[in-house]
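**Q** next one to model:
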Amino acid sequence: MATICQMTPETRIDPSTIDLSDVEFWRQPWSYREAAFATLRREAPISFYDEPVIEGTSIELPRGAGYYALTRHRDVASASRHPDIFLSGPGAVSQMDLPPEMVEYFSGMISTDNPKHARLRRIVSNAFNPRNVQSVEDSIERVADQVLTRAMANGTGDFVTDIAAPFPLEIICTMMGVPPSEYATVLKCSNIILSAGDPELVPEGTDPILAFLEAGGTLTAIMEELGAYRREHPIDDITSALVNAEIESEKLTQQELASFFVLLVTAGNETTRTAIAHALNAFREFPDQQRRWADDFEGLAKTATDEIVRWASPVIWMRRTLAQDHTLSGFDLKAGDKVLLFYNSANRDEDVFENPYEFDLARTPNEHYGFGAPGPHFCLGAHLARREITVMWRELLRRSPGVHATGAPSQLASSFVNGIKHLPYSF
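**A** Presented below is the predicted three-dimensional model:
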């Protein structure tokens, strides 16, 4: 398998052979994918694709007119800064137009527009008051210590399953008050929801849509039970704050609480997991950067964390739908058109980043879109994710400055999450 250091963006790939809706494209090595997006930025920065066909499901899903891919940094930024034109409400995480109840069920707040989006964000933000934020900050340090102590004792040799996956998951579960007995279930369900049908996570012969719905239903049931209990027995956790918060006579509904939980344990967990894993893989190719950070951790911590997120680009794209006709960079879009904002491509844009294919922990400026582009949908958990990445790598480099990947990573076959399923490592 080609690795990150083998990116050859100067290699031209015929744009007519690039199909961003074909799962086989996303099974290609990163080097091929990077070359394809570099070609699109140069030759077809706004390009059209038919919607994907989901195979192996008995559930009929509507197949619409297709979508446009935005691959340049400036176009992604422009769409994000005009939420009145580029809508999220019709669905932000699917190329297809799903039933409204399914959109709300699985993506909640990120698939809403104002005034609903502002209301939800206001209620959720209020739950993260200084006391709750401090509690979460304390849990990051504690969970990092527990995860690393466990990993160093067991030494199974898979960085993702030992460290990168359990760390953010346990923080989110602790934050929400989910009992440890449910951690394995939450991890399994979040993996399925973000799997894009990867056969390792959704075995062949399994209906991928049914597996997706069942996983969401399991997570919803966990939060419904916990939310009902916390309404009557509140404690100092985020769930208690969410179910009992009342802002200007507004409260979260049970469905909104469940959708927020699904969002947290998928997007919130996966972003941090993917970034931490990509960092170790990047250090395999750029060992000088690891030595540099180990020698001056605090001096590089802020820029290093953002470079890790830029490099990993954990969430590959988000969708928007045109509310009206609009011309973007000279390209005419029509009301109802769907566009995908490819953050991974924006994060390698040669017009914005000097030497974008170099992993530079001191990179500044670094206007990456690893947490989304500026606008009302910028990641609510960006601060938490940055803190998690910083704490984990501080502890890793303090305990084992020579920690390293011992082999190539196993890529997740997904167009949505730039995931690493497995990465062999040694302390």
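
**Q** where does the chain have its least confident helix or strand?
**A** One helix or strand of the chain scores below all others by mean pLDDT, DSSP states H and E: helix 100-107, with a mean of 70.

**Q** name the helices or strands packed onto the helix or strand where residue 305 lies?
**A** Using DSSP states H and E, residue 305 sits in helix 297-312. If you count contacts as 3 or more C-beta pairs under 8 Å, 6 or more residues apart in numbering; DSSP states H and E, helix 297-312 packs onto helix 269-285, helix 287-295, helix 382-399. Yep, even glycine has a C-beta here, placed from its N, CA and C like the rest.

**Q** reformat those helices as a markdown table; add mean neighbour count, distance to residue 309 and mean pLDDT.
**A** Output for the helices and strands packed on helix 297-312, formatted as a markdown table (neighbours: other C-beta atoms under 10 Å; distance: least, C-beta to C-beta, whole Å; pLDDT from 0 to 100):
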| stretch | mean neighbour count | distance to residue 309 | mean pLDDT |
| --- | --- | --- | --- |
| helix 269-285 | 25 | 5 | 94 |
| helix 287-295 | 16 | 15 | 97 |
| helix 382-399 | 19 | 7 | 94 |
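
**Q** now the ones you listed as JSON lines including distance to residue 44?
**A** As requested, the helices and strands packed on helix 297-312 are exported to JSON lines (distance: least, C-beta to C-beta, whole Å):
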{"stretch": "helix 269-285", "distance to residue 44": "27"}
{"stretch": "helix 287-295", "distance to residue 44": "33"}
{"stretch": "helix 382-399", "distance to residue 44": "31"}
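
**Q** how about the ones you listed, which one is nearest residue 419?
**A** Closest approach to residue 419 among these is made by helix 269-285 (5.4 Å; C-beta to C-beta).

**Q** residue ranges for the strands of the stretch 301-427 of the chain, please.
**A** All strands of the stretch 301-427 of the chain, identified by DSSP state E, counting those that start in this stretch, fall at 317-322, 326-328, 331-333, 338-342, 404-405, 410-411, 420-422, 425-426.

**Q** tell me the mean pLDDT over the fourth one?
**A** Confidence over strand 338-342, taken as the mean pLDDT, stands at 98.

**Q** ditto for the last one
**A** Strand 425-426 shows a mean pLDDT of 94 in the predicted model.

**Q** what does it rub up against?
**A** Residues outside strand 425-426 that contact it (C-beta atoms under 8 Å, 6 or more residues apart in numbering): 157, 158, 159, 162, 280, 403, 404, 405, 406.

**Q** strands paired with that strand, and their directions?
**A** When sheet partners are counted by DSSP bridges, strand 425-426 sits next to strand 404-405 (antiparallel).

**Q** mean confidence for the strand it pairs with?
**A** In this model, strand 404-405 carries a mean pLDDT of 94.

**Q** can you count the residues close to the residue lying closest to residue 84 once chain neighbours are set aside?
**A** Spatial nearest neighbour of residue 84, chain neighbours left out: residue 323 (6.6 Å); criterion: C-beta to C-beta, 6 or more residues apart in numbering. Residues lying near residue 323 (other C-beta atoms under 10 Å) number 17.

**Q** do the same with residue 53
**A** There are 12 residues near residue 53, going by other C-beta under 10 Å.

**Q** that one contacts residue 63, doesn't it?
**A** Yes - the pair residue 53 / residue 63 is scored as a contact, 7.4 Å apart, by C-beta atoms under 8 Å.

**Q** got the buried residues for the helix holding residue 305?
**A** Residues of helix 297-312 classed as buried: 297, 300-301, 303-312 (neighbour count, 16 or more other C-beta atoms under 10 Å).

**Q** just the buried residues of the helix or strand following the least confident helix or strand of the chain, please?
**A** Later in the chain than helix 100-107, the nearest helix or strand by DSSP H and E is helix 116-127. The neighbour-count check on helix 116-127 (16+ other C-beta under 10 Å) flags 117, 119, 120, 121, 123, 124, 127 as buried.

**Q** which of those residues sits closest to residue 251?
**A** Residue 251 lies nearest to residue 123 out of the buried residues of helix 116-127, by C-beta to C-beta, at 7.2 Å.

**Q** and that closest one, how close does it get to residue 240?
**A** Noted for residue 123: a distance of 14 Å to residue 240, by C-beta to C-beta, to the nearest Å.

**Q** can you check residue 110 too?
**A** 23 Å.

**Q** check contacts around residue 118.
**A** By C-beta under 8 Å, 6+ apart, the contact list for residue 118 reads residue 376.

**Q** per-residue pLDDT of the closest residue to residue 104 other than its chain neighbours, please?
**A** Closest residue to residue 104 apart from its sequence neighbours, by C-beta to C-beta, 6+ apart: residue 259 at 6.0 Å. If you check residue 259, the pLDDT there is 83.

**Q** ok, residue 311 next?
**A** Looking at residue 311, its pLDDT reads 98.

**Q** what of residue 181?
**A** If you check residue 181, the pLDDT there is 93.

**Q** and for the one 3 residues further on?
**A** Predicted confidence (pLDDT) for residue 184: 92.

**Q** and it, what element?
**A** helix 183-193.

**Q** by contact count, what packs against that helix?
**A** helix 166-176, helix 208-232.

**Q** point out the most buried one among these.
**A** Mean neighbours per residue, mean count of other C-beta atoms under 10 Å, is largest over these for helix 166-176, with a mean of 24.

**Q** give the rounded mean pLDDT of that helix.
**A** For helix 166-176, the mean per-residue pLDDT is 90.

**Q** in the chain, which segments are predicted with low confidence?
**A** Counting by pLDDT under 70, the chain shows low-confidence ranges at 1-7, 105-107, 129-130, 245-250.

**Q** using CSV, list the CA coordinates for stretch 69-88.
**A** This file holds the C-alpha atoms of stretch 69-88, laid out as CSV (Å, rounded to 0.1, in the frame of the first residue of the first chain):
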residue,chain,number,x,y,z
ALA,A,69,-17.4,18.8,-5.8
LEU,A,70,-15.8,22.0,-4.5
THR,A,71,-12.0,21.2,-4.3
ARG,A,72,-10.4,24.7,-3.8
HIS,A,73,-9.9,26.3,-0.5
ARG,A,74,-11.5,29.6,-1.5
ASP,A,75,-14.6,28.0,-2.9
VAL,A,76,-15.1,25.9,0.3
ALA,A,77,-14.6,29.0,2.3
SER,A,78,-17.1,31.0,0.3
ALA,A,79,-19.8,28.3,0.6
SER,A,80,-19.3,28.1,4.3
ARG,A,81,-19.5,31.8,4.9
HIS,A,82,-22.9,32.1,3.1
PRO,A,83,-25.2,29.7,5.0
ASP,A,84,-28.3,31.5,3.7
ILE,A,85,-27.3,30.3,0.1
PHE,A,86,-25.6,27.0,0.9
LEU,A,87,-28.0,25.2,3.1
SER,A,88,-27.3,22.4,5.6
